[in-house]
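Undergrad: Model the structure of this input:
(one chain, ligands or ions: 1)
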Amino acid sequence: MTYELQEDQRQVQDLIRRVARERVAPRAQEIDRTAEYPHDMFALLKDLGLFTLPFPEVYGGANSMLSACVAIEELGRVCYNTAYLLLVQWVPFGAILAGGTEAQKQRLLPGLAAGEIRGAFSTTEAQSGSDVGSIRCRAVKVEGGYRINGAKIWCTNSDIADFVLVAAKYNDGDKDGISLFIIEKNAEGFTVGKKEDKIGARGVPSCPLFLDNVFVPDENLLGGGFRAVMEAFNASRPLIGARGVGLAQGAIDHAIEFITNRNAFGQSISEFQGIRWMLADMAIQTEAARNLVYRAASMVDACEPAAALAPVAAMAKCFATDTAMRVATDAVQMFGAAGVSSEYPINRYFRDAKVLQIIEGTNQIQRNIVANGLLGRPSRR
Ligand SMILES: Cc1cc2nc3c(=O)[nH]c(=O)nc-3n(C[C@H](O)[C@H](O)[C@H](O)COP(=O)(O)OP(=O)(O)OC[C@H]3O[C@@H](n4cnc5c(N)ncnc54)[C@H](O)[C@@H]3O)c2cc1C
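TA: Take a look at the predicted model:
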């Protein structure tokens, strides 16, 4: 399988690289320091029309996961938080596209595509993160809809979002299942709590949610079900890998600048073999991660079957984000004491990389998906 970037993908890369360098990079440190949601960066992405990039042309997209990965990589190279803004818009879009009814698609997708509305996605609860099947949030059928009770944690974008896709258990006849419900921000009994004070991903808020007997009308039950949405997440997993690649590349960029300007023992530290080999290993791992991510993205674009895609997408997420952590750690080491000073950007890369190993299925869970694929087992655990 080949995954050469096509001319249009190179154009996306050139455009985003330039915008990232000129307009995003100068804001990156401040967004991290203040931990304030970057409305200006959201407006920039909106102006660039990037909110549908991976999705079909009918929504104004390029219908290309590879293009989306390239865009995320270029933004993530300079600012994790700005890259995250794209992803948090794409997650509810992808979920509704995969599991929404026609009416839900018509109601929500154009607004998400245009950046006129924002969404969030919530499964995680205090006692269940990886183990989604153990959620306790519950929906009960009532006249005309459902009543939902429970609490969620770590819901990213929720204090900005116009609606949240909330996973809840509900009894559909004879057995319990999980469904996603569209909960509008003003729904009575629905509260978004205080945002987490995080070490990384600081510019995009993650908050707890409280659902106290919230009424959700029938038309807000996501029609296609939870499984369809979870399968769609296999297809979006390369995007998290792309954030890892971008982060690693950004750490390398900063490292090169630092080591060429820092002297010790009468010469630039870039002349020391110990530093040069460390830099070479960082580049080798990042290039390998990039190739794996592009391959997984190309499999999505080629509509490869889920059984073939799932392990490769998991490998890409796991390897690229582990690479980001290793590369950022080595980059901090090259900076010496400056590496742990907030005066320099490199510790931001280190903190953001740690988040990538945890979100969207921890890297242990990704390894389980790979092993299950090898052993011919379907389970996610
Ligand atoms: C910045 C940030 C943003 C987030 N945004 C969202 C969001 O928008 N929506 C949302 O729903 N959630 C969100 N989350 C939550 C995230 O999805 C969970 O943190 C993640 O799924 C892990 O769950 P947990 O933290 O409960 O850890 P646990 O599942 O309790 O895992 C703890 C440890 O055990 C390991 N482990 C668990 N099960 C296994 C297993 N079967 N085999 C091997 N190891 C295992 C894990 O890998 C981990 O190392 C966010 C988290 C962060 C940090």
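
Undergrad: which phi and psi does whichever residue of the chain sits closest to the ligand have?
TA: In the chain, the residue found nearest to the ligand is G129; the distance is 1.9 Å by C-beta to the nearest ligand atom. Every C-beta, even on glycine, is put in place using the N, C-alpha and C of the backbone. Per-residue torsions, G129: phi -110, psi -80 (degrees, to the nearest 10).

Undergrad: Show me where the protein has its strands.
TA: For the chain, strands defined by DSSP state E occupy the ranges 119-122, 138-142, 145-156, 163-172, 175-184, 190-192, 206-217, 263-264, 267-268.

Undergrad: Return the most buried member of those.
TA: For these, average neighbour numbers computed from mean count of other C-beta atoms under 10 Å are highest in strand 119-122, which has a mean of 25.

Undergrad: packing partners for that one?
TA: Using 3 or more C-beta pairs under 8 Å, 6 or more residues apart in numbering; DSSP states H and E as the contact criterion, the neighbours of strand 119-122 among helices and strands are helix 80-99, strand 145-156, strand 163-172.

Undergrad: ok, now with 10 Å
TA: With contacts defined as 3 or more C-beta pairs under 10 Å, 6 or more residues apart in numbering; DSSP states H and E, the packing partners of strand 119-122 are helix 80-99, helix 102-114, strand 145-156, strand 163-172, strand 175-184, strand 206-217.

Undergrad: Quickly run through the sheet partners of that strand, with directions.
TA: The partner list of strand 119-122 in its sheet, established with DSSP bridges, is strand 163-172 (parallel).

Undergrad: Could you check the partner strand against the ligand for contacts?
TA: No: contact of strand 163-172 with the ligand (C-beta under 6 Å from any ligand atom) is absent, the minimum separation being 7.5 Å.

Undergrad: Averaged pLDDT, that strand. What do you get?
TA: Along strand 163-172, the predicted local confidence has a mean pLDDT of 91.

Undergrad: Okay, helices next: where are they in the chain?
TA: Under the criterion DSSP state H, the chain carries helices at the ranges 7-19, 25-34, 39-48, 65-78, 80-99, 102-114, 225-261, 273-301, 306-335, 346-358, 363-375.

Undergrad: rewinding a little: number of nearby residues for the residue of the chain closest to the ligand?
TA: Residue neighbour count, defined by other C-beta atoms under 10 Å, stands at 18 for G129.

Undergrad: what do you get for P110?
TA: Using other C-beta under 10 Å: P110 sits among 14 other residues.

Undergrad: Ok, L109 next?
TA: A count of neighbours around L109, defined by other C-beta under 10 Å, yields 21.

Undergrad: Which residues are in contact with the closest residue to M278 other than its chain neighbours?
TA: Spatial nearest neighbour of M278, chain neighbours left out: D330 (5.3 Å); criterion: C-beta to C-beta, 6 or more residues apart in numbering. In this structure, D330 makes contact with 248, 251-252, 255, 275, 278-279, 281-282, 285, 339, 350, judged by C-beta atoms under 10 Å, 6 or more residues apart in numbering.

Undergrad: okay, how far is it across stretch 108-128, tip to tip?
TA: The distance separating the two terminal residues of stretch 108-128, taken as C-alpha to C-alpha, to the nearest Å, comes to 28 Å.

Undergrad: cool, and stretch 217-231?
TA: Distance between the two ends of stretch 217-231: 25 Å, counting by C-alpha to C-alpha.

Undergrad: for that stretch, the distance to its chain's centre please.
TA: Computed by C-alpha atoms, centre = their mean, to the nearest Å, the chain-centroid distance of stretch 217-231 equals 21 Å.

Undergrad: Just checking stretch 346-355 against the ligand, any contact.
TA: Yes: in terms of C-beta under 6 Å from any ligand atom, part of stretch 346-355 sits within range of the ligand, namely V355.

Undergrad: mind exporting that stretch as CSV, just the C-alpha atoms?
TA: C-alpha atoms of stretch 346-355 as CSV (Å, rounded to 0.1, in the frame of the first residue of the first chain):
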residue,chain,number,x,y,z
ILE,A,346,10.1,22.5,25.7
ASN,A,347,8.6,21.4,29.0
ARG,A,348,5.2,22.1,27.5
TYR,A,349,5.8,19.4,24.9
PHE,A,350,6.8,17.0,27.6
ARG,A,351,3.6,17.7,29.6
ASP,A,352,1.3,17.5,26.6
ALA,A,353,2.9,14.3,25.4
LYS,A,354,1.9,12.5,28.7
VAL,A,355,-1.7,13.4,28.0
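
Undergrad: now this structure, which segments are flagged as low pLDDT?
TA: For the chain, the stretches flagged by pLDDT under 70 are 1-2, 172-175, 379-381.
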